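Colleague: Give me coordinates for this.
(one chain, ligands or ions: 1)
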Amino acid sequence: MKVLVTRTLPGKALDRLKEEGLEVLVHEGLFLPREELLRKVEGAFGLIPTVEDRIDAEVMDRAGPSLKVIACYSVGVDHVDLKAARKRGIRVTHTPDVLTEATADLTFALLLAVARRVVEGVDYARRGRWRAWHPELLLGLDLQGLTLGIVGMGRIGQAVAQRAEAFGLRIAYTSKEAKPLPYPFLPLEDLIREADILSLHTPLTPETHRLMNRRRLFSMKKGAILLNTARGALVDTEALVGALRGHLFGAGLDVTDPEPLPPGHPLYALPNAVITPHIGSAGVRTRARMAEVAVENLLAVLKGEEPPNPVA
Ligand code: DGY
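Modeller: Down below sits the predicted model:
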């Protein structure tokens, strides 16, 4: 039985698949072209895709009836057509928990970088422009006492809140599954208006697509910061470019729409946009754990057991 793994994965987790007698086909390139994905998936029992592989009905049908499990190497599953998988009796799993802290860390890295203009400062020094200390050089925002609005208070949102407390930020949130938390809950529109820093941690669904549209971006406080380490399509990119030209203080984006953001995109030209290439979970230990979790889920399905992290 074949398992297609669409990228090389860190760590030794894939060895466990071989020990179970599975044939493991790992695609070794930087990305997997669609045609190649369709070809390689034929006859597979399992598929371990990354967030960049669109796994729709066509992929499932090319795999054929042998396909029993799609064990995502991610917590987000917006790249998988869950309805099509359910219809075909294919289990879909993901990797929650293990990447929570790494993603919260990166969110904070972006927050600090934007608020204190770290990238501009690095650039300034590197370009040989640092010739004197000056009281008004590269002034940024003092974090203490500002309000951090968290959209989506799941695992990652809560881990960001934990870090924010240590920085003296006031925290407010909005969330679908709002369990009682020790922070004020605000309706989305109020949170957007009141936050000095707005951080997105909600999954991408048809309801949250372009959640931060032009109207909402411009209803943020003047001089506020937007952070997105969730999914690029939560934000209207063109409207964000406009909002960054005068309305917002800045944005920290680990995800973009489109993604990858092509060279020459107007966002790159804005000094107040700090952009990283979707590396929220990119810790050595985290990425190895994600592989282990994906493999555990896949093997559970192989053994006819309920996988530990099902989404469909
Ligand atoms: C996820 O897991 O959904 C991230 O976007 C990639 O690790």
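
Colleague: Tell me the residues on the chain that lie near the ligand, please.
Modeller: Within the chain, the positions near the ligand by CB under 6 Å from any ligand atom are 51, 74-76, 99, 280-281. All C-beta atoms are positioned from the backbone trio N, CA, C, and that covers glycine.

Colleague: can you rerun that using 5 Å?
Modeller: Within the chain, the positions near the ligand by CB under 5 Å from any ligand atom are 74-76, 281.

Colleague: Tell me the helices and strands packed up against whichever strand or helix holds Phe218.
Modeller: Phe218 is part of helix 214-219 when elements are defined by DSSP states H and E. If contacts are counted by 3 or more CB pairs under 8 Å, 6 or more residues apart in numbering; DSSP states H and E, helix 214-219 sits against helix 188-194, helix 237-244.

Colleague: mind giving me JSON lines with those and columns for mean neighbour count?
Modeller: Shown next, in JSON lines, are these (neighbours: other CB atoms under 10 Å):
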{"stretch": "helix 188-194", "mean neighbour count": "17"}
{"stretch": "helix 237-244", "mean neighbour count": "18"}
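
Colleague: about what we covered before: okay, the residues of the chain next to the ligand in a markdown table with pLDDT and distance to Leu200 next?
Modeller: Below are those laid out as a markdown table (pLDDT from 0 to 100; distance: CB to CB, whole Å):
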| residue | pLDDT | distance to Leu200 |
| --- | --- | --- |
| Ser74 | 98 | 16 |
| Val75 | 98 | 14 |
| Gly76 | 98 | 12 |
| Ser281 | 98 | 16 |
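
Colleague: now do the same end-to-end measure for stretch 200-209.
Modeller: 12 Å (CA to CA, to the nearest Å).

Colleague: ugh, wrong one, I meant stretch 146-163
Modeller: 14 Å.

Colleague: now swap in stretch 216-229 and tell me
Modeller: End to end - CA to CA - stretch 216-229 spans 18 Å.

Colleague: quick revisit: so which pair among the residues of the chain next to the ligand is furthest apart in space?
Modeller: Gly76 and Ser281 (10.0 Å; CB to CB).

Colleague: Which one's more surrounded, the two?
Modeller: Per other CB atoms under 10 Å, whichever of Gly76 and Ser281 has more neighbours is Ser281, with 25 against 18.

Colleague: Looks like that one contacts Thr103 (just checking).
Modeller: Yes: Ser281 sits in contact with Thr103 when judged by CB atoms under 8 Å, with a separation of 5.7 Å.

Colleague: How about the secondary structure of the residue most central in space within the chain?
Modeller: Nearest to the geometric centre of the chain sits Ala230, at 3.6 Å (CA atoms, centre = their mean). Recorded secondary structure, Ala230: coil (DSSP: H, G, I helix; E, B strand; the rest coil).

Colleague: Enumerate every residue touching it.
Modeller: Residues near Ala230 by CB atoms under 8 Å, 6 or more residues apart in numbering: 76, 152, 156, 200-204, 255.

Colleague: Determine which of the helices and strands packed on helix 214-219 approaches Val80 most closely.
Modeller: Per CB to CB, nearest to Val80 of those: helix 237-244, 23.1 Å.

Colleague: Next, Tyr173: secondary structure please.
Modeller: Quick answer, by three-state DSSP: Tyr173 is strand.

Colleague: Counting neighbours, what do you get for it?
Modeller: Other residues within reach of Tyr173 by the criterion other CB under 10 Å amount to 24.
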